[in-house]
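# Just to be clear, the model below is a prediction. Sequence and coordinates:
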Amino acid sequence: MICIFCEIAARERAARIVYEDDRVVAFHDVNPQAPVHILIIPRDHISGPLDVDVANEGIIGHLVAVAARIARQEGIADNGYRLVLNQGRDGGQSVFHTHLHLLAGRRMTWPPG
Ligand code: AMP
């Protein structure tokens, strides 16, 4: 099955990449929900947060660390930002390759929609 985020990580599909290293790739969301909306994905295919376990849990910490790095890079660290991981239908997941949403540039509301 073709995974669009695997394709972006492999640079087989265009994306506005803002950061990458040996474990993750970060790029602008194609349909931004805030002035800053960046997705940070593991290079390895992990379908969703439900597939994180003791064998691969370290990657989640790295996604959060990279989000902090990008926040400083993008000038949004001081005002703050929201990180979101969606799982499954009720979680609002539409792409089944784990991705951390980094949202910023406006005041977020709570509860989320
Ligand atoms: P989720 O609903 O949590 O699965 O989030 C998937 C996100 O991926 C959505 O915000 C989409 O706008 C975004 N998206 C889908 N395809 C692409 C793409 N080719 N490039 C960048 N973002 C994408």
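Perfect, thanks for sending it.
# now the nearest residue to residue 17 once chain neighbours are set aside: how far from residue 19?
Of all residues not flanking residue 17 in the chain, residue 27 sits nearest, at 4.7 Å (C-beta to C-beta, 6 or more residues apart in numbering). C-beta: built from backbone N, CA, C; applies to glycine. Distance check for residue 27 against residue 19: by C-beta to C-beta, to the nearest Å, it reads 8 Å.
# Residue 44 now?
For residue 44, the distance to residue 19 under the criterion C-beta to C-beta works out to 17 Å.
# which of those two has more neighbours?
Between residue 44 and residue 19, counted using other C-beta atoms under 10 Å, residue 19 has the larger neighbour count: 16 against 13.
# Could you pull up the contacting residues of the more buried one?
Contact criterion C-beta atoms under 8 Å, 6 or more residues apart in numbering gives 25, 26, 40, 66, 69, 70, 73 as the residues in contact with residue 19.
# Show me what counts as buried in stretch 77-96.
Neighbour-count burial for stretch 77-96, with 16 or more other C-beta atoms under 10 Å as criterion, is recorded at 81, 85, 86, 87, 93, 96.
# pretty sure the residue nearest to residue 17 is in a strand, no?
Yes. In this structure, residue 27 lies within a strand as judged by DSSP: H, G, I helix; E, B strand; the rest coil.
# What about it, how many residues nearby?
Neighbour number of residue 27 under other C-beta under 10 Å is 21.
# isn't it right next to residue 11, touching?
No. Under the criterion of C-beta atoms under 8 Å, residue 27 makes no contact with residue 11, lying 10.6 Å away.
# Please consider this matter closed, and thank you.
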